[in-house]
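Colleague: Any chance you could fold what I've pasted below:
(one chain, ligands or ions: 2)
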Amino acid sequence: MSSYKFEDRRRLVSYFKNEAKREINYSDDVRKTSNNSINPIVKLIMEAVSQDSIKHSKIYETMSLIIENPQLITEKESEMVLDDMKRHIENEKESIEELNNLLKDKAIQDDKPLKFLIEMLLRDEKLHHAMLSDLYNILIKNITLTERDIWDQIWKDSMYHGTPGG
Ligand SMILES: [Fe+2]
Ligand SMILES: [Fe+2]
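Modeller: Ligands and ions are numbered 1, 2, ... in the order given. Coordinates of the predicted model:
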């Protein structure tokens with residue numbers, strides 16, 4: 001990250017900030033379509049795309065933030081957040097199981113709109129579960145690394161124990 005040339009960083013930051021604005025404008029546009037629509041499924045999908053576009057805008061904002069502040073990437077996450085994440089991962093897993101059971105229901109299999117919406121949920125929950133699990137594993141690895149660094153430090157300190165500046 002920090003090996004980026006200054007011009008490359010400036011170019012990417014301005015590109016990402018521009019895309020963030022574009023996604024927000026698009027989100028407003030799609031929300032209008034949602035508000036104008038009558039069919040509940042059309043309304044829902046338009047609203048979902050609108051909310052996803054806000055999310056996309058935040059992804060672009062975050063990319064420009066970490067290019068401008070590369071040190072933030074190595075910021076260590078708190079125990080509390082990691083514990084919460086573990087609970088969320090379990091929650092997502094339960095949702096996936098519930099939805100898979102629903103899809104086995106004969107009444108739902110015969111109802112195309114319900115099946116469509118349940119499959120939409122299932123795709124999202126699988127994505128949430130995968131994203132949270134991947135991120136959790138990366139964060140845990142970082143902690144292990146940091147703990148090793150701490151042990152290295154303790155070992156070094158004990159070796160130089162009692163010497164000036166040690
Ligand atoms: Fe988008
Ligand atoms: Fe979810």
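
Colleague: I'd like the distance between the residue lying closest to Ile96 once chain neighbours are set aside and ligand 1.
Modeller: Nearest residue to Ile96, sequence neighbours excluded (Cβ to Cβ, 6 or more residues apart in numbering): Glu125, at 5.0 Å. The way it works is simple: take the backbone N, C-alpha and C, and place the C-beta from them, glycine included. Distance of Glu125 to ligand 1, computed by Cβ to the ion, to the nearest Å: 20 Å.

Colleague: same question, Arg11
Modeller: For Arg11 relative to ligand 1 (Cβ to the ion), the value is 21 Å.

Colleague: what sits against the residue nearest to Ile96?
Modeller: Glu92, Ser95, Ile96, Leu99 (Cβ atoms under 8 Å, 6 or more residues apart in numbering).

Colleague: Which helix or strand contains it?
Modeller: helix 112-159 (DSSP states H and E).

Colleague: Kindly report the same for Arg11.
Modeller: Here Arg11 is assigned to helix 6-36, by DSSP H and E.

Colleague: pLDDT averaged over that helix - what is it?
Modeller: Across helix 6-36, the average pLDDT comes to 97.

Colleague: any idea which helix or strand comes after it?
Modeller: Counting by DSSP H and E, what follows helix 6-36 is helix 40-68.
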